[in-house]
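Novice: The sequence and its predicted three-dimensional model are supplied below.
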Amino acid sequence: MTISTSDKPFLTRVKESENDHFMQQSVAKAQDAQWDKRTAAREELGNWEQWRDLGEQIRQHVIKYLPDYLEQFSDNVTKKGGHVFFAQTDEEAANYIKEIAKKKNAHKIVKSKSMVTTEIDLDKVLLSLPDTSLMETDLAEFILQEDDWDEPTHIVFPTLHKNRNQIQKVFKKLGYSGTNDPEEMAKFARKYLREYFMQADLGITGCNFAIADSGLINLVTNEGNADLTMAIPETQIVVMGMERIVPSLKEAEVLDNMLCRSAVGQKLTSYCSFSGKQVVGESDGPSDFYVVILDNGRSNALGTDFEPVLQCIRCGACLNVCPIYRHIGGHGYGSIYPGPIGAVLSPVLDGYEKFGDLPFASSLCAACTETCPVKIPLHNLLIKHREVMMDKLKMDHSFNNVLMKGAGVATSSPILFKMALEGDHLGSAPLSKSKKTTVDNLFNYGHIEKAPSLGAGWTNVRDLARPPKHSENFRSWYKKHKKEQQEGVSHD
Amino acid sequence: MKVAIFSTCVVDLLFPNVGQAMVEVLERFGCETALPTDQICCGQPTYNSGYRKESNKVFYNEIDALLSANADYIVGPAGSCVAMLREYPHILKDDPEYSQKAQELADKSYEFSQFLYNVLGVIDAGAQLDATATYHRSCHMTRLLGEKTAPFKLLEQVKDLKMVPLPHLENCCGFGGTFSVKEPEISKQMVDEKVDSVISTGAKILISADASCLMNIGGRFSRRNESIKIMHIAEVLNHNVDTSRIRYKDQPTTV
Ligand code: SF4
């Protein structure tokens, strides 16, 4: 499996992100800008909540009848002379594609942006072929490639962690001598890529939606590079996750509308194409057309609580609203699928051993659930993952586990809780501090700067309010209050 | 109208001032209150950490305790904990004994400001507070309970109170229940950004409808030696009340 981008432990990655101020600033800036753009684009459409209902229905329906739609799609591709391959694993998929490249004697390969090809580590496999070069033609992916195959940190904006100076440095290696002006650099990349395009003999694209009733592939981009990848080379290979199906153009239209607004805050991206094998009378498009449909762990979700994760249309909106992503960035997650969707999907695809930390790295603020255009209950699925790990797999053998179980007992037993209420002020006496706090009306009974065990996580960061004496706590006040009320009544 | 006070463990343990203010406001508006003493906690600490089995016991206890008061409504000073009560029917939908009780509980449960504004129809609670303040919108209150307006409407009417908008209102403060103790490294960065946002408003008071978020943000203010006053919205609405100012939504502005 290659969705992993790092072997470092989670906390190390978090620390590294915390020190990467540039990354944090650029993520925050992008999130803020996207917030406004996305909201405006959705508002302009109107009735956004109803659109979400519709998006959810379409995606749920497809997932429910996935085998049927896959069969229909595959039949329609084959009918037009294309080939379909169902790959169980990343390795199967990559090897199949490698064999085609060999058979076609392909030496210059162009690719457009595709998370699934990153998932199966396709670039590496293809570059192992003799005499073969490969070009990522999406500008951001191109930058990553030229920067020694750096890992993407966002599913829509793969180079979110890079600034223009870093990009300028990367381009200098290719002979660029211009400034760090984004437009100038883009022009350079465009020219560089165009030359390569014209000689390419194999094109590889991802797939935003596969249309079941026509066998067409729907791609949306802003650079037009995917269209060139499809139009120029003789041979085209489309790689798609098995859930990327829609019944017909009608549903694709709905979802494209929601995808573009959610992903980049545009009505529609600059290019939105539907294509397949070249048919008689057409002047461009591939004469050889292959579709690789990948499982690679996706079917783990079918029939389980995690099935909704397959509804995802990879818009990236959940990353763009996530306060955790805001701080730890894509590299913090250690998966090519970061953010809330990544925290839910990565353990489904590749297990808890590798990605068990991710579901806990969430404050469950539900910003992701609120923004998801196809209504995936992301924060609930994070809780579900925690349940599987704690209840079913019994993965936490630490002292914390004992404490949490204890918390379960304490918060379900009224007697124990009342005892806690009585002992708290006294119990906390040795911990409390007399330092004067700068905060008014929060520490009316003192504060604690260093709490033991589970509480240490709290006091490592913040002061903790000290509990009041039993006679001054809320319940005691209420009892007195009620008594006074009653006495007041009886005196009248 | 009888109202059972859903005090929440945080208020029971730490913040009598919040519970007291809430009870006083509710009684001012004619509610007869009751405090079911067997209640403990809504169960988020264990449920959100994945301890599903342990959580059931917590839910059962809370349901039995809160329903035992036979009240018309159940009102709590925390959007997050009330949102959890509203989740019970989903979580316990297959529970033969508790699914129905869970529904009954959820139907009756309201967060304090939501109850005041939407159920009692109060627009001006009659309070006065001479200060500049900002409001932290808690995630669960906004997104799970779906209450986005009540606190703002009520605070708008507090005499002499100048409310300044908090930048990045939508961002979580980094509390997240056990998240704050389990992932302090990330939580710290989130709460720091929140503290910075609050400071940038120049407000002297930070208000919220969730005591837990206040405990988090205020706790970080204190650790950073930054000054702020923390007030739960119930305390604000209970401050210097002049009952002649009280106004209901369906009442014309000039009485
Ligand atoms: S989970 Fe939802 S919001 Fe996140 S990428 Fe997928 S569709 Fe977009």
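Specialist: Perfect, I can see it now.

Novice: Kindly report the domain assignment for the chain.
Specialist: Defaulting to chain A. For chain A, the structural domains run A:10-299, A:417-486, going by automatic domain parsing.

Novice: wrong one, I was asking about chain B
Specialist: According to automatic domain parsing, the domains of chain B span B:2-118, B:123-237.

Novice: Dump those to TSV, plus mean neighbour count, mean pLDDT and distance to A:Gln168.
Specialist: The way it works is simple: take the backbone N, C-alpha and C, and place the C-beta from them, glycine included. Conversion of the domains of chain B to TSV gives the following (neighbours: other CB atoms under 10 Å in any protein chain shown; pLDDT from 0 to 100; distance: least, CB to CB, whole Å):
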stretch	mean neighbour count	mean pLDDT	distance to A:Gln168
domain B:2-118	22	96	45
domain B:123-237	22	96	29
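
Novice: Just send those back as CSV, with distance to chain A too.
Specialist: Conversion of the domains of chain B to CSV gives the following (distance: least, CB to the nearest CB, whole Å):
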stretch, distance to chain A
domain B:2-118, 3
domain B:123-237, 3
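
Novice: Sketch out the strands for chain B, chain order is fine.
Specialist: B:2-5, B:32-34, B:73-76, B:109-111, B:122-124, B:128-136, B:159-163, B:205-208, B:228-232, B:247-248 (DSSP state E).

Novice: For stretch B:142-161, which outside residues touch it?
Specialist: Residues from elsewhere that reach stretch B:142-161, judged by CB atoms under 8 Å, 6 or more residues apart in numbering or on different chains: A:365-367, A:369-370, B:79-80, B:82-83, B:86-87, B:111, B:113-114, B:116-118, B:122-125, B:127-131, B:133, B:135, B:137, B:141, B:163, B:207, B:209, B:233, B:236-237, B:239, B:242, B:245, B:247.

Novice: next one: phi and psi at the closest residue to B:Met84 other than its chain neighbours?
Specialist: Take B:Met84 and drop its neighbours on the chain: the residue closest to it by CB to CB, 6 or more residues apart in numbering or on different chains is B:Cys42, 4.1 Å away. Note on B:Cys42: its backbone torsions stand at phi -70, psi -10 [degrees, to the nearest 10].

Novice: I'd like to know which of the domains of chain A has the weakest mean confidence.
Specialist: When these are compared on average pLDDT, domain A:417-486 comes out lowest at a mean of 85.

Novice: Could you give the separation between the terminal residues of that one?
Specialist: The straight-line separation of the ends of domain A:417-486 (CA to CA, to the nearest Å) is 27 Å.

Novice: got it, and stretch B:8-20?
Specialist: 13 Å.

Novice: on that earlier part again, give me the distance between the residue nearest to B:Met84 and B:Cys173.
Specialist: Note on B:Cys42: its distance to B:Cys173, by CB to CB, to the nearest Å, is 19 Å.

Novice: Quick check: the gap between the residue lying closest to A:Asp288 once chain neighbours are set aside and the ligand.
Specialist: Nearest residue to A:Asp288, sequence neighbours excluded (CB to CB, 6+ apart): A:Thr235, at 4.2 Å. When CB to the nearest ligand atom, to the nearest Å is the yardstick, A:Thr235 and the ligand sit 30 Å from each other.

Novice: can you count the residues close to A:Thr235?
Specialist: The local packing of A:Thr235 (other CB atoms under 10 Å in any protein chain shown) involves 21 other residues.

Novice: thinking it is in contact with A:Ala106, fair?
Specialist: Yes. In this structure, A:Thr235 sits in contact with A:Ala106. The criterion is CB atoms under 8 Å, and the distance is 6.8 Å.

Novice: shared neighbours of those two, anything?
Specialist: Going by CB under 8 Å, 6+ apart, residues that sit against A:Thr235 and also against A:Ala106 are A:100, A:201-202.

Novice: okay if I get these as JSON lines plus secondary structure and distance to chain B?
Specialist: Putting these into JSON lines (DSSP: H, G, I helix; E, B strand; the rest coil; distance: CB to the nearest CB, whole Å) gives the following:
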{"residue": "A:Ile100", "secondary structure": "helix", "distance to chain B": "44"}
{"residue": "A:Asp201", "secondary structure": "coil", "distance to chain B": "47"}
{"residue": "A:Leu202", "secondary structure": "strand", "distance to chain B": "43"}
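
Novice: So which of those is surrounded by the most neighbours?
Specialist: For these, neighbours were counted using other CB under 10 Å, and A:Leu202 has the most, 27 neighbours in all.

Novice: Could I get the contacting residues of that one?
Specialist: Neighbouring residues of A:Leu202 by CB under 8 Å, 6+ apart: A:100-101, A:104, A:106, A:108-110, A:233-237.

Novice: Tell me what it is bridged to.
Specialist: A:Leu202 forms beta bridges with A:Ile109, A:Thr235, as assigned by DSSP bridges.

Novice: Just list whatever residues bridge to B:Val75.
Specialist: With DSSP bridges as the criterion, the beta-bridge partners of B:Val75 are B:Ile5, B:Tyr110.

Novice: now it: how far from A:Leu144?
Specialist: Taking CB to CB as the criterion, B:Val75 is separated from A:Leu144 by 54 Å.

Novice: buried residues in stretch A:293-301?
Specialist: Of the residues in stretch A:293-301, those buried by neighbour count under the rule 16 or more other CB atoms under 10 Å in any protein chain shown are A:293-298, A:300-301.

Novice: Please produce CSV containing those residues, extended by secondary structure and distance to A:Gly215.
Specialist: CSV is the format used below for the buried residues of stretch A:293-301 (DSSP: H, G, I helix; E, B strand; the rest coil; distance: CB to CB, whole Å):
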residue, secondary structure, distance to A:Gly215
A:Ile293, strand, 12
A:Leu294, strand, 17
A:Asp295, coil, 20
A:Asn296, coil, 22
A:Gly297, coil, 25
A:Arg298, helix, 21
A:Asn300, helix, 27
A:Ala301, coil, 25
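
Novice: which one of these is nearest A:Asn401?
Specialist: Among those, A:Asn300 lies closest to A:Asn401 (CB to CB), at 25.4 Å.

Novice: and the spatially closest residue to the closest one that is not a sequence neighbour, how many residues sit next to it?
Specialist: In space, and not counting its chain neighbours, A:Asn300 is closest to A:Val348: 5.4 Å by CB to CB, 6+ apart. Other residues near A:Val348 come to 22 when the count uses other CB under 10 Å.

Novice: Look up how far A:Gly332 lies from A:Val348.
Specialist: Summarising the geometry, the distance separating A:Val348 from A:Gly332, computed by CB to CB, is 19 Å.
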